[in-house]
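Enquirer: What follows is a predicted protein model with its sequence.
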Amino acid sequence: MRLEASHLQALAAVLRLGSFEKAARQLNLTPSAVSQRIRALEERLGTVLVVRGQPCLPTPAGQRLARHAEDVALLEQDLWQDIGSSLPDAGGGSMPGVRVAINADSLATWFVAAMQGAGDLLFDLQIDDQDHSAGWLRRGEVRAAVSADPAPVQGCDVVPLGALAYRATASPAFMRRWFAGGVDVESLARAPAMIYNLKDGLQAAWVRQSFDQDVVLPAHYIASTHAFVDAAAAGIGWGMNPEPLVRAHLMDGRLEELVPGTPLTVPLYWHISRSAAPGLQRLTQAVRAAAADHLDTLVK
């Protein structure tokens, strides 16, 4: 069964943008024309592909077909690049898109450099904890992920990237107020910590690594990598901050390590769907290059 490329393009646009009207504007069509293409595709396949609503959502079949359409678009772009040309009618509407699950700290420290080197792609970044981002791949909701899990997801390849180092940091004033007698499990049970969200286990992992005990930490919940650093410097709490973001703060005394010389290192891996990998070779190369420039070497 041969499927019309224009019908697949319409489906992918509707599901990526969430509405027929937005898809129509991007494709330079009328909403009626987009609707007709989706309806023709559904009739040809004998199944509903889009749940109409605000926003429009895919059925399982629609999600699978949209992934196929994205893979085809990526392969076509790769072909045009290989022959030294550019996509016909180049522009935002014709650039292929890719959904990637990534942790916020990687996005704040090194992944933008990978995006810069990836060529003409429209990124849809799904932010999740590095211990949970691979789950997006297992559910088929993204085509690639940056994860702390080295185990390959079924149907995916895994590339080791490096390790992101974190430092337990706080302001000098915070250290004087809460840790005047030293940092131990008793003072940590009283001093306010900062936690990104309920999935964030970095603070607890550092306490376990440093003191071989589990401590219930009183905590602020601050779901922003850069606000984490700002809040630590302001004396709001202590937290695990990516070393690249606090290196200058530690050098000029705006922040101090709770226990000097005790970094927590988190290994990171690039998981990529095998079906999308051929069309995302340039992205994978850019991810590996950016990781080599910004991350520590993984210890085997």
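Expert: Yep, it's here. Numbers count the residues shown, from 1 in each chain.
Enquirer: got the contact list for residue 206?
Expert: By CB atoms under 8 Å, 6 or more residues apart in numbering, the contact list for residue 206 reads 166, 168, 240, 262, 264. Backbone N, C-alpha and C define where each C-beta goes, glycine included.
Enquirer: again, but for residue 16
Expert: Counting by CB under 8 Å, 6+ apart, residue 16 makes contact with 23, 66, 97, 124.
Enquirer: how about the strands in the stretch 201-300 of the chain?
Expert: 219-221, 239-242, 256-257, 264-273 (DSSP state E, counting those that start in this stretch).
Enquirer: again, but for the stretch 51-200 of the chain
Expert: 57-58, 97-102, 122-127, 144-147, 156-170, 193-195.
Enquirer: Could you single out the most deeply buried of those strands?
Expert: Mean neighbour count, computed with mean count of other CB atoms under 10 Å, is highest for strand 144-147 among these, reaching a mean of 28.
Enquirer: quick revisit: is it possible to get the strands of the stretch 201-300 of the chain out as a markdown table so that each row also shows mean neighbour count, distance to residue 202 and mean pLDDT?
Expert: Compiled in a markdown table, those are given as follows (neighbours: other CB atoms under 10 Å; distance: least, CB to CB, whole Å; pLDDT from 0 to 100):
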| stretch | mean neighbour count | distance to residue 202 | mean pLDDT |
| --- | --- | --- | --- |
| strand 219-221 | 14 | 12 | 97 |
| strand 239-242 | 27 | 4 | 98 |
| strand 256-257 | 18 | 14 | 98 |
| strand 264-273 | 22 | 6 | 96 |
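Enquirer: nearest to residue 148, of these?
Expert: Comparing the strands of the stretch 201-300 of the chain by their distance to residue 148 (CB to CB), the top pick is strand 264-273, with 5.5 Å.
Enquirer: From residue 271, how far off is residue 166?
Expert: Counting by CB to CB, to the nearest Å, the gap between residue 166 and residue 271 amounts to 21 Å.
Enquirer: now swap in residue 277 and tell me
Expert: Counting by CB to CB, the separation of residue 277 from residue 271 is 10 Å.
Enquirer: joint contacts of those two?
Expert: By the contact definition CB under 8 Å, 6+ apart, residue 277 and residue 271 are jointly contacted by residue 157.
Enquirer: tell me the mean pLDDT over stretch 125-136?
Expert: Stretch 125-136 shows a mean pLDDT of 93 in the predicted model.
Enquirer: Return the distance of it from the chain's centre.
Expert: Relative to the centre of its chain, stretch 125-136 is centred 6 Å away, using CA atoms, centre = their mean, to the nearest Å.
Enquirer: Enumerate every residue touching the closest residue to residue 140 other than its chain neighbours.
Expert: The shortest distance from residue 140 to any residue that is not its chain neighbour, by CB to CB, 6 or more residues apart in numbering, is 6.5 Å, and that residue is residue 63. By CB under 8 Å, 6+ apart, residue 63 lies in contact with 15, 140-141.
Enquirer: and with 10 Å instead?
Expert: By CB atoms under 10 Å, 6 or more residues apart in numbering, the residues touching residue 63 are 15, 49, 57, 139-141.
Enquirer: tell me which of the residues you listed is nearest to residue 150?
Expert: Sorting the contacts of residue 63 by distance to residue 150 puts residue 139 at the head of the list, at 19.3 Å, by CB to CB.
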